[in-house]
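> Predicted model and sequence follow; I will ask about them next.
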Amino acid sequence: MDQDLRRALQSQAVKCSDATILSQLASAATAYGLTAKELAGKLGAQLLNQGMAPGTPLSGPAVQSFLTSLAKDWNKENQAKACVTPAAGRWAGKDRPSFHDSLGTGTKAEPQGTPRAIRTAAAPDATPLSAVRPAAAAGSKASPATPQSAPRSAFKSRTNRGQVVSTLNPQIPRASGQEARMIHVEPLGVQLPARYLYLFECLEDKVAAMNGRITAWQRWLRQTLTTAAPGGRAAIAAAEVDADPGGLDIAPVGVPVQEDAYFVGRITCEVEGGHLNNTAVVLEGDTSLSDGARVHLDLSQLRSYRLFPGQVVAVKGVNPSGTKILVKSIWTHLPPPSQEQQSSAGAMDIGNLSGSSYAAASRGLSAVVAAGPFCLADDLTFDPLHELLQDLKPYPPNMLVLFGPFVDVEQPLIAGGMIDITFQEHFKTQVVERLLAWQAALAVPCQVVLLPAVRDAFHHPTFPQPAVNIQPPEQHLVSLQNPCSFSAGGVVLAGVSSDVLRHLSSAELARNEPGAPADRLAALASHIIGQRRWA
C-alpha cells in the first residue's frame with residue numbers, strides 16, 4: 001500500500017519523503033475504504049485549495065488538517081447514507097415494517113413485494129415530499145470519495161443566507177434598475193448532434209483534430225504576435241519576428257536547426273499516460289509541417305513555466321541534433337485579439353471559445369449563474385433551486401444560467417433507487433416545469449439557459465455532452481451543450497460544468513520564478529483563456 005500511495009502522490013505533484021506521514025496516510029486509506037489514487041486525489045485537491053505550491057514537502061500540520069477533514073466528510077457521508085435503502089435482503093414476516101406507518105404526505109402505499117419508493121411532487125409548488133429514511137444496515141460503509149449535499153436540516157438552519165462571500169471586480173458599478181428586454185441566446189461553434197455513436201471515432205479523425213489545433217495555433221500566432229506589444233508574457237518582440245509577409249517563420253519539429261528558430265506543437269509525456277517531469281517533456285509537431293515528429297525539450301534555461309499534456313505551445317530555441325530542443329523562451333498563452341483584428345476578420349473561430357464580432361453592448365447584461373446539484377442529501381424537493389428562484393423573483397436578471405447536475409446520480413436517494421418515476425420525468429417536473437412557472441410569474445422577461453453535467457442521470461454521461469432535448473421547445477428556456485460558447489445580449493460567454501481546474505492541477509508541471517508570488521488557481525484558469533479551449 002505504501003508504494004502504491006507514494007506513486008499516487010507523485011502523480012498529484014505531492015512530495016512525501018517522511019515514512020511516518022506515509023504510514024498515516026496509508027492507514028487512513030485503509031480505514032476509510034479508499035484506494036491510493038482516491039486518497040491522493042483528495043489530498044491534492046485540499047493542498048490546491050490551501051494554495052500550497054506543487055512539490056512542497058508534506059508537513060505534519062497539513063496532514064493532520066487533511067485527516068480531520070477526511071473524518072468530517074466520512075461522518076457526513078454516513079449521515080447521508082442513512083437515508084438510503086438498507087442492503088438488499090428479505091424481510092422476515094413479523095419484522096417487516098408497515099408501509100402505511102412509514103410513508104408520509106405525497107407518497108402512497110405500494111403492494112407487498114415491491115421496494116419502497118418516493119413519489120415526487122409533480123407541481124412546482126406542491127407540498128414537499130417526505131422521504132423514507134430507514135436506518136442504515138449494520139456494517140454498511142459509504143464511500144467518502146463522493147461528495148454529497150448537506151442534509152435538509154442543515155440547509156434550513158443555515159445562518160449565512162444572502163451573505164456575499166466574495167466580490168470580483170468591485171470597481172464595476174452594479175445595475176440599479178433592470179430594463180425589460182428579452183435576451184436572445186445564440187450557440188456558437190460546432191454543435192454536437194443529439195444522437196452520436198460514441199467510441200467509434202477513427203484514428204485519422206483524431207489525428208486531423210490534433211493537426212487542426214496546431215495549425216490554427218500557428219495561424220493565430222502569426223496574426224497576433226506580429227502586432228502584439230513587446231515585453232508581455234505571451235508577446236514576441238517585434239525585432240524577433242521576420243519581416244516576410246508570413247510574419248513568423250516556424251521551423252519543422254524534428255529537423256536540425258543551428259540558429260534560433262520557432263517551433264509549434266503540443267506538449268506530451270515521454271511515456272504514454274505518464275506524469276510530466278523536467279526530463280520527460282516532449283514536443284509533438286503536426287503532420288503537415290513536421291510529419292508528426294517528436295523531440296524532447298530541455299527546459300533548464302527557463303526560470304518559470306507551466307505545462308500540461310495536450311497543451312499547444314510556441315518554443316524559441318535551437319535543435320542541433322534534431323532530437324532535443326534547447327528552449328530559450330516558451331509561449332503558452334495567446335494574447336487577446338486586437339480591435340483591428342476583430343474588425344478586419346469580421347468573424348473569429350477560437351476553438352471552443354469561438355465567437356462573432358459583435359457591437360459593444362452599451363446597455364450591458366445582467367446575469368446570474370448557479371451550479372448544481374440542486375437537491376439536498378435527504379430529499380428530492382429541490383429546495384436550493386426553489387430558494388434561488390424566490391430570491392431572484394423581485395428583481396430578475398436578464399439571464400439565468402444553471403449548470404448541472406440536475407438529477408445527480410450521486411444523490412443518495414437517486415443512487416439507492418428511491419424514486420418511482422423516470423429520471424427524464426423527474427427532470428421535467430422538478431426543473432423544467434418549475435422554471436416555466438417561475439418565468440410566467442415574473443414582471444419582466446428572463447432568459448433561462450441550462451447546461452447538463454456528466455453526473456446527470458437522464459443525459460449522456462460523456463464529455464462533451466450534447467444539449468438536453470426539451471420538449472416542447474420553449475423560447476425563454478434553452479439548453480446548450482457542455483462545454484459551450486454562446487452570445488447573449490451582445491456579449492460572448494462560455495461555460496463548462498466539469499471541474500477543469502482540478503484535472504489541470506493534477507497534470508500540470510510548473511516551475512515558479514524565485515521570489516515571485518504564486519497564485520496557482522489563477523494560473524490554472526489562465527490556461528483556458530490562453531489556450532482558448534476547455535480541453
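That came in fine, so what should we check first? Numbering: from 1, shown residues only.

> Span of stretch 379-397 from start to end?
This stretch, stretch 379-397, spans 29 Å end to end (C-alpha to C-alpha, to the nearest Å).

> Next, report how far it is displaced from the centre of its chain.
On the basis of C-alpha atoms, centre = their mean, to the nearest Å, stretch 379-397 sits 24 Å off its chain's mean C-alpha point.

> okay, and for the chain, where does confidence drop off?
The chain contains residues with pLDDT under 70 at 1, 78-153, 174-180, 224-248, 337-363, 535.

> how about 50 then?
Within the chain, the ranges that satisfy pLDDT under 50 run 84-147, 228-246, 343-361.

> Where do the helices of it begin and end?
2-11, 19-31, 36-49, 60-81, 99-102, 152-156, 203-225, 339-345, 383-392, 412-415, 423-427, 433-440, 500-507, 520-531 (DSSP state H).

> Make TSV out of those helices and add mean neighbour count and distance to V255.
Where C-beta positions appear, they are placed from N, C-alpha and C, glycine not excepted. Listed next are the helices of the chain as TSV, based on neighbours: other C-beta atoms under 10 Å; distance: least, C-beta to C-beta, whole Å:
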stretch	mean neighbour count	distance to V255
helix 2-11	16	34
helix 19-31	16	46
helix 36-49	20	39
helix 60-81	16	47
helix 99-102	11	75
helix 152-156	14	62
helix 203-225	16	16
helix 339-345	12	30
helix 383-392	17	57
helix 412-415	22	55
helix 423-427	18	55
helix 433-440	16	57
helix 500-507	18	29
helix 520-531	17	25
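
> Out of those helices, the one nearest A457 is which?
Nearest of the helices of the chain to A457, taken as C-beta to C-beta: helix 423-427 at 4.3 Å.

> could I get the helices of the chain as TSV with distance to F406?
Formatted as TSV, the helices of the chain follow (distance: least, C-beta to C-beta, whole Å):
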stretch	distance to F406
helix 2-11	32
helix 19-31	32
helix 36-49	24
helix 60-81	19
helix 99-102	28
helix 152-156	17
helix 203-225	30
helix 339-345	36
helix 383-392	9
helix 412-415	11
helix 423-427	6
helix 433-440	11
helix 500-507	20
helix 520-531	24
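
> Select, out of these, the one closest to V271.
Proximity to V271 (C-beta to C-beta) singles out helix 2-11 among the helices of the chain, at 12.2 Å.

> Which strands and helices lie in contact with the closest one?
Applying 3 or more C-beta pairs under 8 Å, 6 or more residues apart in numbering; DSSP states H and E, one finds that helix 2-11 makes contact with helix 19-31, helix 36-49.

> got the angle for the longest one vs helix 520-531?
So that's helix 36-49. With axes from the mean of the first three to the mean of the last three C-alpha atoms, to 10 degrees defining the directions, helix 36-49 sits at 100 degrees from helix 520-531.

> From the chain's centroid, how far away is helix 36-49?
Relative to its parent chain, helix 36-49 has a centroid offset of 16 Å by C-alpha atoms, centre = their mean.

> Now that helix - C-alpha only, CSV.
The C-alpha coordinates for helix 36-49 follow below in CSV (Å, rounded to 0.1, in the frame of the first residue of the first chain):
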residue,chain,number,x,y,z
ALA,A,36,-4.3,5.1,-3.0
LYS,A,37,-5.3,7.1,-6.1
GLU,A,38,-8.6,8.3,-4.4
LEU,A,39,-6.8,9.4,-1.3
ALA,A,40,-4.0,11.1,-3.3
GLY,A,41,-6.6,13.0,-5.3
LYS,A,42,-8.4,14.2,-2.2
LEU,A,43,-5.1,15.3,-0.6
GLY,A,44,-4.0,17.1,-3.8
ALA,A,45,-7.3,18.9,-4.1
GLN,A,46,-7.1,20.2,-0.5
LEU,A,47,-3.5,21.3,-0.9
LEU,A,48,-4.5,23.1,-4.0
ASN,A,49,-7.3,24.9,-2.2
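
> Mind checking the helices and strands packed on helix 2-11 for the one nearest to V448?
Ranking those by their distance to V448 (criterion: C-beta to C-beta) puts helix 36-49 first, at 30.8 Å.

> so what secondary structure elements neighbour that closest one?
helix 2-11, helix 19-31, helix 60-81, helix 500-507.

> now these as JSON lines including distance to N277?
Formatted as JSON lines, these follow (distance: least, C-beta to C-beta, whole Å):
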{"stretch": "helix 2-11", "distance to N277": "9"}
{"stretch": "helix 19-31", "distance to N277": "20"}
{"stretch": "helix 60-81", "distance to N277": "23"}
{"stretch": "helix 500-507", "distance to N277": "12"}
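
> Out of those, which is closest to P412?
Using C-beta to C-beta as the measure, helix 60-81 is the one of those that comes nearest P412, at 5.0 Å.

> now the angle from that closest one to helix 36-49?
In terms of direction (the same axes, to 10 degrees), helix 60-81 departs from helix 36-49 by 110 degrees.

> Give me the distance from helix 60-81 to the chain's centre.
Counting by C-alpha atoms, centre = their mean, helix 60-81 comes out at 24 Å from the chain centroid.

> Please apply the same query to stretch 198-212.
On the basis of C-alpha atoms, centre = their mean, stretch 198-212 sits 23 Å off its chain's mean C-alpha point.

> for stretch 364-382, same thing?
16 Å.

> on that earlier part again, which stretch among the helices and strands packed on helix 36-49 comes nearest I414?
Taking the helices and strands packed on helix 36-49 one by one with C-beta to C-beta, helix 60-81 is closest: 11.9 Å.

> and the closest one, what does it pack onto?
Using 3+ C-beta pairs under 8 Å, 6+ apart: helix 60-81 touches helix 19-31, helix 36-49.

> Would you mind giving those helices as TSV with distance to A194 added?
Formatted as TSV, the helices and strands packed on helix 60-81 follow (distance: least, C-beta to C-beta, whole Å):
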stretch	distance to A194
helix 19-31	42
helix 36-49	33
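
> Do I have it right that Q301 meets L326?
Yes: in this structure Q301 lies within contact range of L326 using C-beta atoms under 8 Å: 7.0 Å.

> neighbour-wise, which of the two wins?
With neighbours defined as other C-beta atoms under 10 Å, Q301 and L326 compare such that L326 has more, 15 against 10.

> residues contacting the more buried one?
By C-beta atoms under 8 Å, 6 or more residues apart in numbering, L326 lies in contact with 298, 301, 317-320.

> and with 6 Å instead?
Residues in contact with L326 (C-beta atoms under 6 Å, 6 or more residues apart in numbering) are 298, 317-318.

> out of these, which one sits closest to K76?
For these, the nearest to K76 is D298 (48.1 Å; C-beta to C-beta).

> Leaving out sequence neighbours, find the closest residue to that closest one.
Excluding its sequence neighbours, the residue lying closest to D298 (C-beta to C-beta, 6 or more residues apart in numbering) is L326, at 4.9 Å.
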